[in-house]
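K.L.:
need a 3D model of the sequence below.
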Amino acid sequence: DRLVGFEPWSLVPYATLWLYISLVPALLHLRREMAPYLSAVSLLSLIGFAVFYFWPTAVPKPDVDWTRYPYIEFLKTLDTSGNACPSLHVAFAVLTALWLQRLLRQMNAPLSAQLLNIVWCLTIAWSTLATKQHVAVDLETGAVLGFTVAVLHLHLLPRFRSRLQEAPETG
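P.N.:
Now for the predicted structure:
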């Protein structure tokens, strides 16, 4: 946690999460593609909020005079305590990165676009530490949550659904 110091400008990449997560739904063009994505986003949110409800956590107060940084101070007043771990900022960034990577490959996007996707995700994750909104364990658990939900929806559920459709009817 001490490796990443407070960086006031990190609020910019932190705030870009909302633009970043809008890319996947913007690129999905079929209703059948949107349902699994919305399912993934909903599951991630439900798990995160359940953890916040049953095991609330807070970030230790850093030695920073927030009045010197009014935009960060505003962010601190919006964020309630009890919802630090897992970092949903990181969870949504990882979920988005994996879904977007899949879409970029399907579109035969250039490698530069795919690398930008990964860098954007990592920058958002870093910003959660640099704004002092989260600590390393929040980042790690958020990354695991986002990765798990993405893998479940991108790899495991489609195979399960296709097996159900292929299974012969009994009765």
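K.L.:
C-alpha from now on. contacts and neighbour counts both.
P.N.:
Fine.
K.L.:
burial of Leu28, as a residue count?
P.N.:
14 (other Cα atoms under 10 Å).
K.L.:
pretty sure it sits against Pro36.
P.N.:
No: taking contacts as Cα atoms under 8 Å, Leu28 lies outside contact range of Pro36: 10.7 Å.
K.L.:
so what's the closest residue to Phe92 other than its chain neighbours up against?
P.N.:
In this structure, Phe92 finds its nearest non-sequential neighbour in Gly146, 6.0 Å apart by Cα to Cα, 6 or more residues apart in numbering. Contact partners of Gly146, counting by Cα atoms under 8 Å, 6 or more residues apart in numbering, are Leu44, Val90, Ala91, Phe92, Ala93, Val94, Leu95.
K.L.:
element containing the fourth one, please.
P.N.:
Following DSSP states H and E, the helix or strand that holds Phe92 is helix 88-106.
K.L.:
can you spell out which helices and strands pack onto that helix?
P.N.:
helix 17-20, helix 23-27, helix 31-54, helix 111-130, helix 136-151 (3 or more Cα pairs under 8 Å, 6 or more residues apart in numbering; DSSP states H and E).
K.L.:
pick the most buried one from these.
P.N.:
Of those, the one with the most neighbours on average (mean count of other Cα atoms under 10 Å) is helix 136-151, at a mean of 21.
K.L.:
pLDDT below threshold where in the chain?
P.N.:
Counting by pLDDT under 70, the chain shows low-confidence ranges at 1, 76-82, 158-171.
K.L.:
would you list the helices and strands packed on helix 88-106 in TSV and tack on distance to Arg105?
P.N.:
Below are the helices and strands packed on helix 88-106 laid out as TSV (distance: least, Cα to Cα, whole Å):
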stretch	distance to Arg105
helix 17-20	17
helix 23-27	12
helix 31-54	15
helix 111-130	8
helix 136-151	16
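K.L.:
Leu75 is nearest to which of the ones you listed?
P.N.:
Smallest distance to Leu75 across the helices and strands packed on helix 88-106 (Cα to Cα): 11.7 Å, for helix 111-130.
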